[in-house]
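Asker: The following comprises the amino acid sequence and a computationally predicted model.
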Number of protein chains: 2
Amino acid sequence: MINFDYKNPTRIIFGKGTIARTGSVIKEYGGTRVLLHFGGGSVKSNGVYDTVLKSLQAAGIEIVELGGVKPNPRLSLVREGIQICREKKIDFILAVGGGSVIDSAKAIGVGVPYEGDVWDFYAAGKTPKKSLPVATVLTIAAAGSEMSWSSVITNDEGALKRPLDVDVIYPVFSVLDPETTYSLPAYQTGCGIADMFVHVFERYFTAVKNVDLTDRLCEAIMKTIISNAKRVLVNPNDYNARAEIMWAGTLAHNNLVGTGRLGDFASHMIEHELSGFNDVAHGAGLAVIVPNWMKFTYRHDLPRFVQFAVRVFDVEQDFHNPEETALRGIKALRDFYTSIGMPATLSEIGIHEKDFKTIARKVKKFDKEKGTVGNFRPLTEADVEEILTLAK
Amino acid sequence: MINFDYKNPTRIIFGKGTIARTGSVIKEYGGTRVLLHFGGGSVKSNGVYDTVLKSLQAAGIEIVELGGVKPNPRLSLVREGIQICREKKIDFILAVGGGSVIDSAKAIGVGVPYEGDVWDFYAAGKTPKKSLPVATVLTIAAAGSEMSWSSVITNDEGALKRPLDVDVIYPVFSVLDPETTYSLPAYQTGCGIADMFVHVFERYFTAVKNVDLTDRLCEAIMKTIISNAKRVLVNPNDYNARAEIMWAGTLAHNNLVGTGRLGDFASHMIEHELSGFNDVAHGAGLAVIVPNWMKFTYRHDLPRFVQFAVRVFDVEQDFHNPEETALRGIKALRDFYTSIGMPATLSEIGIHEKDFKTIARKVKKFDKEKGTVGNFRPLTEADVEEILTLAK
């Protein structure tokens, strides 16, 4: 286990009927003029928007609306939000939606008190020192942004997708009502599940040794996701299964299970360039990349892949043939993704061999000198191209 | 899963060499005049006290010392600490020690800004609204108080031990260096392990249904405790095993694994009266009570006891005889306690049949009307006496 400095101050208000409390809780934290940030029509058609609006009005809160957040949220809308917050003297931001809306709200939050351009934080290595308070009402179980220090924004010019990880963007509180996810289309539910699974997966595949407890916590979350994914896809209104998936999605990325270890995150970095390139749903892109990342990488630490197969997918261990056990684990994950409606190849998501070099070049490198991405087994651009070729 | 409202703001600074940072981190949080609260000689003989002192001095912090905290920390010393903090205008409390020292510090913290008597919070149902900031340097992995909202104090008059659970007593930060636990006597290490195990155990045994994720998280922590307990007792200087035990002990009681469920906690309440009565080490008392609580209770929800046996202790399931599987799980826990040097009977810890009625009467009742304690299977005074008799 390596040393760590961990804190997660986000408050979670979880369960049926909790959205009606949003306004009064914002008042607890001193919010009076709120930017209500959201995406398209789904929060309006499923009733969440109305419930939030009534709750804010009942608490006597002034509201300025900014909708229109798209998947892979755009820098241009973030800049517009920053402008509005300054003009209207907004003192609190409420994101109603999934990860894209929350990430956009976080970017606006750090942009408002900053004199320079907010893109500095994502692409130029600047660190924000403060943020307007941001709260969330979550409507998609996927990104984990509701309890994370992460925000990912896409720069419209150049299709560059970049993450920011910093303490000041933890939401003040997040309201999680599993019933809001009943109306999600099956494909979107599947993408969310694929995404949250990989948040744990990328922490699980670590080069750090002696990480028993966090290994087991990761396995607990992955197993819960697998068993409940089937339930929500068979019956989208299964409250208990939706609740398990929603809380699992949050804990997958709140970084508790990453304490004392160093995750990989190469698959995330590769996928960011797929969706930056072609607006692929993040979960779908990950479902294509991850099993091929595994095929490329498994010989690097065979015992860990055997442990994954046996403990996460209940693969019966062949003690005389660890490689076969590892490969059966990779196949089990591939089959799981297929069972939740995820694509298996890059061509299915409209990405072709001619683009592989460009994508590999654009992937954010962790080690600038060596030009590699990922911590478990650092990948060169050639390695990334090979993984893309396996996934074609 | 039931609705919940969860937050845990405590920052954890974990690993080798982290104690030297204590002073500078206190300064980050604005501390200038610190009450340095500790127990007996062990923190002085193992060097922790000196490291803390140097770190505070280097940060230019003024220090007022208050040592002498005993296991089952006493109200009288808490009152003394409150007096000192007021006189010396202390603005920050640093607890250096185990759960008793931390619980005592928390009590002082809420007592200082309160006009009445601090015992009101523990015994008269009053709720503290604020606290002096409290930080901790942990030297015993056991109570989980370093990241919890709990404090347990014993009133010297009447030997009454009472808990307080409230938001304002979460420590601001806690420093956890596993190396500080190398010098603990084996018996104390064992008591700590018994204690942390039961923190998870009491959340695990819930009457709430559909709690997949938190079940699995509880199992992850319990399995980690079991496997690493053996390692630290064989080799007390095994850093990796000490680290697993220390982080497991914290997560066992920071209430994350209790989200969406309602724990039992009858065994804790019974044990509090044992140690209030006879200064029994808390973990040792729990090791006596818990297996007998299980024997008394297992028919109430046999599938949960089978799940415990199979998933936590790897008992091979007899599908045709769930009762036998459950009983083998109880025996496995009893054997585990014995393997870490814990007592099995009340007589071994100096508590005898003549005291059972008094103890049962003193146990704090959750349901005052029905006179019962515990949530999984509420116990009457007669039930508690029966458990004590099983444990005699």
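Answerer: All right, it came through fine.

Asker: Point out where chain A drops to low pLDDT.
Answerer: Low-confidence segments of chain A (pLDDT under 70): none present.

Asker: Grab the most central residue of it for me.
Answerer: A:Ala143 (2.6 Å; CA atoms, centre = their mean).

Asker: tell me the contacts of that residue?
Answerer: Counting by CB atoms under 8 Å, 6 or more residues apart in numbering or on different chains, A:Ala143 touches A:Gly98, A:Gly99, A:Ser100, A:Ile102, A:Asp103, A:Gly192, A:Asp195, A:Met196, A:Gly249, A:His253, A:His282. To be clear about C-beta, it is placed using only N, CA and C from the backbone, and glycine gets the same treatment.

Asker: Among the residues you listed, which one is most surrounded by other residues?
Answerer: Comparing the contacts of A:Ala143 by number of neighbours (other CB atoms under 10 Å in any protein chain shown), A:Ile102 comes first, having 33 neighbours.

Asker: Shouldn't it be within a helix?
Answerer: Yes: under DSSP: H, G, I helix; E, B strand; the rest coil, A:Ile102 falls within a helix.

Asker: backbone phi and psi for the residue nearest to it when sequence neighbours are not counted, please?
Answerer: Of all residues not flanking A:Ile102 in the chain, A:Ser145 sits nearest, at 4.1 Å (CB to CB, 6 or more residues apart in numbering or on different chains). When read as degrees, to the nearest 10, the backbone of A:Ser145 gives phi -60, psi -20.

Asker: Let me know how buried the closest residue to A:Gly15 other than its chain neighbours is, in neighbour terms.
Answerer: Nearest non-adjacent residue to A:Gly15, counting by CB to CB, 6+ apart: B:Asn3, 2.8 Å away. Using other CB under 10 Å, B:Asn3 has 15 other residues around it.

Asker: Wait, B:Asn3 touches A:Ile19, no?
Answerer: No: counting by CB atoms under 8 Å, B:Asn3 stays clear of A:Ile19, with 11.8 Å between them.

Asker: A:Leu164: what secondary structure?
Answerer: State at A:Leu164, reduced to three classes by three-state DSSP: strand.

Asker: can you pull the contacts of it?
Answerer: Counting by CB under 8 Å, 6+ apart, A:Leu164 has contacts A:Lys106, A:Ala107, A:Val110, A:Phe121, A:Tyr122, A:Pro128, A:Ser150, A:Ser151, A:Val152, A:Ile153.

Asker: and if you look at A:Cys85?
Answerer: Going by CB under 8 Å, 6+ apart, A:Cys85 touches A:Leu35, A:Ile93, A:Ile108, A:Val112, A:Leu132.

Asker: what about the last one, which helix or strand?
Answerer: Per DSSP states H and E, A:Leu132 falls between elements, in no helix or strand.

Asker: Based on its surroundings, how many neighbours for it?
Answerer: A:Leu132: 22 surrounding residues under other CB under 10 Å.

Asker: what's the closest non-adjacent residue to it?
Answerer: Setting aside the residues directly before and after it, A:Leu132 is nearest to A:Gly109 in space (CB to CB, 6+ apart), at 4.5 Å.

Asker: can you give me how far the strand or helix carrying the one you found is from the chain middle?
Answerer: A:Gly109 is located in helix A:99-111, with elements delineated by DSSP H and E. Chain-centre distance of helix A:99-111: 13 Å, with CA atoms, centre = their mean, to the nearest Å.

Asker: Stretch A:233-250 too?
Answerer: In terms of CA atoms, centre = their mean, the centre of stretch A:233-250 is found 17 Å from the chain centre.

Asker: looking at it, A:Gln317 is touching A:Phe308, isn't it?
Answerer: No: contact between A:Gln317 and A:Phe308 fails when scored by CB under 8 Å: they sit 11.5 Å apart.
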